[in-house]
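[1] Output the structure for:
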Amino acid sequence: MQSNTLLGFCCKSRNSRYFVQKILKFTNFAVISRKIGDISNKTDKMRIVSHRRLREFYDSAGHHDAKVPLERWYQIVEDAEWSNFADMRADFGSVDFVGNQHYVFNIGGNKYRLVVVVKFVMGYVFIRWVGSHSDYDKIDCSMI
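    Predicted coordinates:
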């Protein structure tokens, strides 16, 4: 099977994005093309993994009052376009950095705590732990 590989790069376009185009052409095979934006101009919204942990927590006995604040947190983060800690602080003034890409949010008037890992470049927020403030004092949240 014969193959022909072409790798082309273009300069900046008018909208300040870089375009990288890689075309792989095989005999009777489809052409694959990919557009990659400049990371510094990232406009993608944050992706949250996983909403199921929040639902399991507020559906459990004794935590039904956490549903509204957790869902509000989820909605704000889902619409956010964070590229650094300052952007996160603009949306949530009480968020704390605890090391190792881990951040702690006060939820429901500081009754609950939410520990997440944020990958700013990728645009992902990974929910690591959610619980009451008293349970939070018993864990090492930078290693969860």
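[2] What residues sit buried inside the helix or strand harbouring V77?
    Taking DSSP states H and E as the criterion, V77 maps to helix 67-79. Across helix 67-79, burial judged by 16 or more other C-beta atoms under 10 Å covers 69-70, 73-74, 77. Yep, even glycine has a C-beta here, placed from its N, CA and C like the rest.
[3] Relative to the whole chain's centre, how far out is that helix?
    Taking C-alpha atoms, centre = their mean, to the nearest Å, the mean C-alpha location of helix 67-79 is offset from the chain mean by 13 Å.
[4] Which helix or strand lies directly C-terminal to it?
    helix 85-91.
[5] which residues sit against that next one?
    Outside helix 85-91, the residues within contact range by C-beta atoms under 8 Å, 6 or more residues apart in numbering are 76-77, 80-82, 95, 97, 103, 118.
[6] Let me know the closest of the buried residues of helix 67-79 to H51.
    Y74 (6.4 Å; C-beta to C-beta).
[7] can you tell me which residues contact the closest one?
    By C-beta under 8 Å, 6+ apart, the contact set of Y74 is 48, 51, 54.
[8] So the second one versus V104, what's the distance?
    To V104, H51 is 19 Å away according to C-beta to C-beta, to the nearest Å.
[9] More neighbours: these two, which one.
    Comparing H51 with V104 by neighbour count (other C-beta atoms under 10 Å), the higher total belongs to V104, at 19 against 13.
[10] Can you tell me the SS state at that one?
    Using DSSP: H, G, I helix; E, B strand; the rest coil, the structure places V104 in strand.
[11] S94 versus that one, what's the distance?
    9 Å.
[12] sorry, back to before: determine which two of the contacts of helix 85-91 are furthest apart.
    Greatest spacing in those, by C-beta to C-beta: E81 and F97 (18.9 Å).
[13] Looking at strand pairing, list the partners for the residue positioned nearest the centre of the chain.
    Centroid-nearest residue in the chain, with C-alpha atoms, centre = their mean: Y124, separated by 1.9 Å. Beta-bridge pairing for Y124 (DSSP bridges): R47, K119.
[14] for the one 5 residues further on, same thing?
    For W129, the beta-bridge partners under DSSP bridges are V115.
[15] I144 is in contact with that one, correct?
    Yes - assessed by C-beta atoms under 8 Å, W129 is found in contact with I144 at 5.0 Å.
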